[in-house]
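**Student:** got a sequence here, can you build the structure:
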Amino acid sequence: MTPLLKATLFVRPDAALLNNGVFSGAPLHGMKSDMYQFIALRHELRRHGIELATQDIHPPQESALVLVLDQVEAFQDFQRPATCLALCLMLSEPPTYYPTNWDKARHQVFDRILTYDVQLIDDVRYFRYHYAIDFEDYPAFQPVSEAEFAERKLCMLAAASFAVLPPPPGSRSLLYERYNTLRWFSNQQPTHLDFYSRGVHPDTYASFRGAGLLKRWLPQFVLRAIVHGRKRIFDRVYRGSIPPLEKIEYVRRYKFAIAYENTEGLNGYLTEKLFDCLAAATVPVYLGDQLAPDLVPPDCYIDRRQFATHEELYQYLATMPYARYAEYVAAIQRFMKQVPQGILSTAYNTRLLTDALLGALPKALRPVSQPSISLSHG
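**Tutor:** Numbering: from 1, shown residues only. So this is what the prediction gives:
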C-alpha cells in the first residue's frame, strides 16, 4: 500500500484542538464545534492519499503539506525544510480580532492563501472559500403557526464579544453596535430582549479611552461606578448560557434575533449567526456582510441598516402582525430547501479547499482531479 503523504493542520495552541481534537466534533468551550469543515477536509484529503493531523502529531518540519489556520505570526521566521512542499494559510478570523493576520506583507512566506474576502481573490496566490454552514446538522424546518407566533417572546441576542466604546476610525468592528443594541433594549425595553452568553469578558466593562490616565487621576470609586453601571446594562437582560447543542431550540422561542457579525465590510464574511436563526424559523435582524443579499434573499431577514434608530427598529418588531411575519418565514423556508446543496455547503467548500491545497503541491504529487460539485443555486 502506498504510504499516505503527511500533512499538518496548524491550529492555535488550545488543548481542545490539539491531539486531533479539532477533528472530534465535540463541543468547544461550551459551544457547538464549528470545526466541521476541517473534519470534512480531513476525510477528503485522505481520499487523495494525504493524512492531515494537528501540529503535535505531524510537526510542520516533517510534513509535505502545511495548512496554517490563522496563526500567521508563528510562521514569519519558519525555517522551511525542503520536504515542506506546500505552505498554505487559511484566514478564518476577521481583522476585528487579529488585524495583523490580514497584513499582506506577512503573507509572503505562504505559497497560497485561502480567504473569504473577495477583494483579495486572484486565483494565483489568493483563493476563495466560503464560511461553510453545517446545514446537515440542522433540524427539519418547521413553519410558525399563528398560535406559536403569539407565544414567542419578542427578541433575543446570543454573543460573548462586545465593545463599550466606539471603534477607532477605519475599523470594521461591529462589537460596539452589538453593545449599542443591547444597551438600548436594557435601558428602554428590558422585558423585550433576552441576552444569552457564556460570559462577557470582565475587561469589557473596564474599557476606557486613555485608560492609564483615567486610572491615575480618577478616584477609584468613580471607576468602579462606571464599571458597575456597564455591567448592570448586561445583567438586566442576561438569561444565562445556551447549552452547546441546543441553540436552535432556544432561538426558536423568539420572533426575532439580533444577528450582528463581529465585522462588516469583508465582502464574504457571512457566518452561522444568520443561518442559525433561519434554521429556527426565527427572523434575524442582520448587520454584517454587505454581500449577504447576493447569497440570502433579502426577504428572509431584516436589514438593520434600514432603521435610523433603535426605537424605529423596536416599533417595527413589536407591531409586526402575523401575516407579515408569515411572509418572512415562507421566504426562509423556500431558501432553506435549496441552500444545503449550494456554495455555502460544507461539501462545496471542502472541494474548494481541497483543490487549492492540491494545486499548491508539485504536479507529480497531485491526484487526478475529481468532478466538480454541481450547484443548486448561485
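
**Student:** who touches Glu93 in this structure?
**Tutor:** If you count contacts by CB atoms under 8 Å, 6 or more residues apart in numbering, Glu93 has them with Asp70, Asn101. Just so you know, the C-beta spots here come from the backbone N, C-alpha and C atoms, and that holds for glycine as well.

**Student:** go again with 6 Å.
**Tutor:** Applying CB atoms under 6 Å, 6 or more residues apart in numbering to Glu93 gives the contacts Asp70.

**Student:** next: Leu9.
**Tutor:** Leu9 touches Leu52, Thr54, Leu67, counting by CB under 6 Å, 6+ apart.

**Student:** centroid residue for this protein?
**Tutor:** Thr271 (4.2 Å; CA atoms, centre = their mean).

**Student:** which non-adjacent residue is nearest it?
**Tutor:** Leaving aside its sequence neighbours, Thr271 sits nearest to Tyr131 (CB to CB, 6 or more residues apart in numbering; 5.2 Å).

**Student:** can you tell me how far that neighbour is from Asp34?
**Tutor:** Tyr131 is 9 Å from Asp34, where distance means CB to CB, to the nearest Å.

**Student:** do Asn187 as well
**Tutor:** Where Asp34 is concerned, Asn187 sits at a distance of 32 Å (CB to CB).

**Student:** what's the pLDDT at the residue nearest to the centre of the chain?
**Tutor:** With respect to pLDDT, Thr271 scores 93.

**Student:** could you verify my assumption that it touches Ala132?
**Tutor:** No. Counting by CB atoms under 6 Å, Thr271 does not reach Ala132; the two are 10.0 Å apart.

**Student:** which residues in the chain form strands?
**Tutor:** Taking DSSP state E to define them, one finds strands in the chain at 5-10, 50-54, 65-69, 86-90, 112-115, 126-128, 153-158, 193-196, 254-260, 283-287, 302-303.

**Student:** any idea which of the ones you listed gets closest to Thr309?
**Tutor:** For Thr309, the closest of the strands of the chain is strand 283-287, at 13.5 Å, according to CB to CB.

**Student:** adjacent strands (with direction) for the closest one?
**Tutor:** In the sheet, strand 283-287 lines up against strand 254-260 (parallel), strand 302-303 (parallel) (DSSP bridges).

**Student:** average pLDDT for that strand?
**Tutor:** Computed over strand 283-287, the average pLDDT equals 98.

**Student:** with stretch 332-346 instead?
**Tutor:** Across stretch 332-346, the average pLDDT comes to 89.

**Student:** check the offset of it from the chain's centre.
**Tutor:** With CA atoms, centre = their mean, to the nearest Å as the basis, stretch 332-346 stands 17 Å off its chain's centre.

**Student:** ends of that stretch, how far apart?
**Tutor:** 20 Å (CA to CA, to the nearest Å).

**Student:** how about that stretch: buried residues?
**Tutor:** Buried residues in stretch 332-346, counting neighbours by 16 or more other CB atoms under 10 Å, are found at Ile332, Gln333, Phe335, Met336, Val339, Pro340, Gln341, Gly342, Ile343, Leu344, Ser345, Thr346.

**Student:** those: which two are farthest apart?
**Tutor:** Using CB to CB, those span at most 21.2 Å, a distance reached by Gln333 and Thr346.

**Student:** which stretches of the stretch 151-300 of the chain have low pLDDT?
**Tutor:** Scanning the stretch 151-300 of the chain for pLDDT under 70 picks out 210-216.

**Student:** all helices of it, in order?
**Tutor:** Chain-ordered helices for the stretch 151-300 of the chain, with DSSP state H, counting those that start in this stretch as the definition, fall at 175-188, 202-205, 211-217, 220-235, 247-251, 272-279, 292-295.
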